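Student: Build the 3D model from these lines:
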Amino acid sequence: MNEKDLSKYFYLKREIDDLEERILTFGAGISSVRYKELDVSGSAKYQAIQEKIVQLKDTWMEKRVSALEEYLKIEQFISNIDDIEIRQIIRYRYLDLKKWDEIDGLLHNGINYSKKKFYKFIKKYPILSQ
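Tutor: Numbering: from 1, shown residues only. All right, here's what the predicted structure looks like:
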């Protein structure tokens, strides 16, 4: 786990949510309304469209699973940090995309305290600073 991995945290969450929404909503209108109104539900064209929708949803599902696995690794890493303040700093910085001064304000820290504490923490764990 490194700082680059942590920076993916926010975007992985957004991607997971986006893919979930796409999986749930895409094709619903096509399959349930338009083609039934045209009375072509048994046609080869309808079947081909249904197959493509299923393929697309399967692709999104695979991407979602992959993103969830990566997100889970980051979340488990953060959850295993003993220092509560460091966990909060990392979540504010990498999940909420807060600036260092905002984090200092939220945690009632002095100027640059959170940033210094974070970089001091990652120096203890060389794997983080790679």
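
Student: in stretch 111-120, what counts as buried?
Tutor: Within stretch 111-120, the residues that count as buried by 16 or more other C-beta atoms under 10 Å are 113, 114, 115, 117, 118. Just so you know, the C-beta spots here come from the backbone N, C-alpha and C atoms, and that holds for glycine as well.

Student: can you check stretch 14-28 too?
Tutor: 15, 16, 19, 22, 23, 27.

Student: Average pLDDT for it, rounded please.
Tutor: On average, the pLDDT along stretch 14-28 is 82.

Student: for stretch 69-84, same thing?
Tutor: 90.

Student: Tell me which helix or strand comes right after the least confident helix or strand in the chain by mean pLDDT.
Tutor: One helix or strand of the chain scores below all others by mean pLDDT, DSSP states H and E: helix 35-37, with a mean of 50. Per DSSP states H and E, the first helix or strand lying C-terminal to helix 35-37 is helix 44-79.

Student: what packs against that following helix?
Tutor: On a contact count with 3 or more C-beta pairs under 8 Å, 6 or more residues apart in numbering; DSSP states H and E, helix 44-79 meets helix 3-7, helix 9-25, helix 84-90.
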